[in-house]
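>>> Here you go, sequence then predicted model.
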Amino acid sequence: MKKLIKNGTIVTAADQYEADVLIEDGKIAAIGKNLSENVDEIIDAKGSYLFPGGIDPHTHLEMPFGGTVTADDFETGTIAAAFGGTTTVIDFCLTDKGQPLKNSIQKWHDKSQDKAVIDYGFHLMVGEVNERVLNELPKIIEEEGITSFKVFMAYKNVFQADDETLFRTLLTAKEHGALVMVHAENGDVVDFLVNKALEEGNTDPIYHALTRPPEAEGEATGRAAALTGLADSQLYVVHVSCAEAVEKIEAARKKGLRVYGETCPQYLVLDQSYLEKPNFEGAKYVWSPPLREKWNQEVLWNALKSGQLQTLGSDQCSFNFKGQKDLGLGDFSKIPNGGPIIEDRFSLFFSEGVKKGRISINQFVDIVSTRIAKLFGLFPQKGTIAVGSDADIVIFDPNAERTISAETHHMNVDYNAFEGMKVTGEPISVLSRGEYVIRDKAFVGKPGNGQYLKRKRFEASPDSSAEKVLQ
Ligand SMILES: NC(=O)NCCC(=O)O
Ligand SMILES: [Zn+2]
Ligand SMILES: [Zn+2]
């Protein structure tokens, strides 16, 4: 099967140029001016950008959490992702203490393999380190191609791991070529503050933010970075929300540590005041870490622009307002944490970032796709438009205008946290390995077409591809 995309403007992390793209057997076979080939289909992309498909490094699809299960599964979640210009997701596989890790991974394969419409991989949660886990982790890297481990420093009595677990995970990752991801908040301090607020009768959603102060995120980020230095390992801090955490990442990177940071759209455009919305509507804006005071947004944008933060994840973790978020009526600590963002991550970032002049168009591609591919062992298969790469391509109209709304989104939830926001720029068609998933804004993919991705190991040597680009 051959396709030729003509007249589009290719944008990568490094270039912007007009050229035709020849696709054969799911790969990019040639790029050049005036390509003429005997093909099955010619796609006219005049006036559109051709972006490498977005890679979302942070999703929670069909994940049990907070006494319920996230509303989007691998089918609805990946369909929504594709509508939004994302062609790869890396989802967090939760694990259970005392259970073989491979059982948890099998559970995640079972939920995803017949449902995903785009390619996907898994990160693996490490909640304990013992002989069994230490024996299993290298096999998982080798056999499953799972080369990133997640350690929670918060959610006490649920997911939270201690510092020894984090440190030993960092040592293992160093030895076997994996990247350690952390949810960086001081869970003990947060737990104390939450209990105190509830004892004092403070139960509204805003107390979610007030009991998770930025200092708790900064402290945990700095602690994780220090342990990374001690282990001479590599660290990726997920969902960075505030200046205190950015400062710690910046300081670690100045020392030459391999510490990387991700932020999410919600921290770039929403703020703490949303939690004060009346009629319990503030619950829609409950994330951990919480939304921060507005001035933090500029710090995050600047950190993305200067390269101190490297990536944008969605932290897709959707719960319906009715029947799920309302579990926390009368007790903010019972509001399931998270929101629906997988669909809007890409175009919201284009609109707020590129259109508003905060980042260049090449930085946009780098942050939503290329660097993620490099850090998580997918480059150059994913994350760029180059000969030999998978033909994951977004045909994007940079001038289309739309208003974000739950009425029109494709996520399986009854609200959109960005309701009413106007964005400029929209995917028109999206190809995954050369096949349409979205064609002229309509879904034409098939559940089960998404392939599981075994990823390469993290390359830590100074001249590795990840390091060269990210320093
Ligand atoms: N971020 C959030 O509030 N929910 C998803 C789980 C996590 O990433 O901590
Ligand atoms: Zn988290
Ligand atoms: Zn998350």
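Great, that's in hand. Keep in mind the model is a prediction, meaning the values are calculated, not measured. Numbers count the residues shown, from 1 in each chain. Ligands and ions are numbered 1, 2, ... in the order given.

>>> Those residues of the stretch 201-350 of the chain touching ligand 1, which are they?
Counting by Cβ under 6 Å from any ligand atom, the positions of the stretch 201-350 of the chain adjacent to ligand 1 are 239, 287-288, 315, 317, 337-338. Heads up, the C-betas are built off the backbone N, CA and C, glycines and all.

>>> swap in the stretch 51-200 of the chain?
Near ligand 1, when you scan the stretch 51-200 of the chain using Cβ under 6 Å from any ligand atom, you find 60, 183.

>>> which residues touch the closest residue to ligand 1 within the stretch 51-200 of the chain?
Ligand 1 sits closest to residue 183 of the stretch 51-200 of the chain, with a gap of 4.9 Å, by Cβ to the nearest ligand atom. Residues in contact with residue 183 (Cβ atoms under 8 Å, 6 or more residues apart in numbering) are 150-155, 159, 238-239, 288.

>>> Spatially nearest residue to residue 416, not counting backbone neighbours?
residue 406 (4.3 Å; Cβ to Cβ, 6 or more residues apart in numbering).

>>> on that earlier part again, and the buried ones among the residues of the stretch 201-350 of the chain next to ligand 1, selectable in ChimeraX?
Burial among those is assessed by 16 or more other Cβ atoms under 10 Å; the matching ChimeraX selection reads:
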select :239,287,288,315,317,337,338
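
>>> How much space separates the residue nearest to residue 416 from residue 438?
Distance of residue 406 to residue 438, computed by Cβ to Cβ, to the nearest Å: 19 Å.

>>> the more surrounded of those two?
More neighbours surround residue 438 than the other of residue 406 and residue 438, with 25 against 15 (other Cβ atoms under 10 Å).

>>> give me the beta-bridge partners of the more buried one?
Beta-bridge partners for residue 438, by DSSP bridges, are residue 430, residue 443.

>>> Do you know the pLDDT at it?
The per-residue pLDDT reported for residue 438 equals 98.

>>> That one: what's it in contact with?
82-83, 427-430, 444-445.

>>> what are the ranges of the strands in the stretch 1-150 of the chain?
Along the stretch 1-150 of the chain, counting by DSSP state E, counting those that start in this stretch, strands occupy 2-6, 9-11, 16-18, 20-24, 27-32, 41-44, 49-52, 54-59, 64-65, 68-69, 86-93, 119-125, 148-152.

>>> Just send these back as CSV, with mean pLDDT, distance to residue 418 and mean neighbour count too.
Converted to CSV, the strands of the stretch 1-150 of the chain look like this (pLDDT from 0 to 100; distance: least, Cβ to Cβ, whole Å; neighbours: other Cβ atoms under 10 Å):
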stretch, mean pLDDT, distance to residue 418, mean neighbour count
strand 2-6, 98, 30, 20
strand 9-11, 98, 24, 21
strand 16-18, 98, 27, 12
strand 20-24, 98, 31, 22
strand 27-32, 98, 33, 16
strand 41-44, 97, 30, 15
strand 49-52, 98, 20, 26
strand 54-59, 99, 16, 30
strand 64-65, 96, 22, 14
strand 68-69, 98, 22, 16
strand 86-93, 99, 16, 28
strand 119-125, 98, 24, 24
strand 148-152, 98, 26, 25
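
>>> okay, those strands in CSV with distance to residue 355 next?
CSV is the format used below for those (distance: least, Cβ to Cβ, whole Å):
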stretch, distance to residue 355
strand 2-6, 23
strand 9-11, 14
strand 16-18, 15
strand 20-24, 24
strand 27-32, 26
strand 41-44, 24
strand 49-52, 12
strand 54-59, 17
strand 64-65, 34
strand 68-69, 36
strand 86-93, 19
strand 119-125, 28
strand 148-152, 31
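
>>> looking at these, which is closest to residue 212?
Smallest distance to residue 212 across the strands of the stretch 1-150 of the chain (Cβ to Cβ): 13.7 Å, for strand 148-152.

>>> helices or strands up against the closest one?
strand 119-125, helix 163-176, strand 179-183 (3 or more Cβ pairs under 8 Å, 6 or more residues apart in numbering; DSSP states H and E).

>>> I'd like these laid out as CSV, including distance to residue 133.
Converted to CSV, the helices and strands packed on strand 148-152 look like this (distance: least, Cβ to Cβ, whole Å):
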stretch, distance to residue 133
strand 119-125, 10
helix 163-176, 9
strand 179-183, 14
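
>>> Strands of the stretch 351-471 of the chain, residue ranges please.
Under DSSP E, counting those that start in this stretch, the stretch 351-471 of the chain gives strands at 393-403, 422-432, 435-439, 442-443.

>>> Using CSV, please lay out the ones you listed together with distance to residue 280.
Output for the strands of the stretch 351-471 of the chain, formatted as CSV (distance: least, Cβ to Cβ, whole Å):
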stretch, distance to residue 280
strand 393-403, 24
strand 422-432, 26
strand 435-439, 35
strand 442-443, 33
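
>>> hang on, the earlier thing: for residue 267, which of the strands of the stretch 1-150 of the chain is the nearest?
strand 54-59 (12.4 Å).

>>> what packs against the closest one?
helix 74-83, strand 86-93, helix 345-349, helix 371-375.

>>> For the first one, which helices and strands make contact with it?
Meaning helix 74-83. strand 54-59, strand 86-93, strand 422-432, strand 435-439, strand 442-443.

>>> and residue 251, how far is that from residue 257?
Taking Cβ to Cβ as the measure, residue 251 falls 9 Å from residue 257.

>>> got any residues that touch both of the two?
residue 225.

>>> and the spatially closest residue to residue 116 that is not a sequence neighbour, how many neighbours?
Counting by Cβ to Cβ, 6+ apart, residue 116 lies nearest to residue 450, which is 3.0 Å off, once chain neighbours are set aside. Around residue 450 there are 28 other residues, counting by other Cβ under 10 Å.

>>> Perfect, I'm done here.
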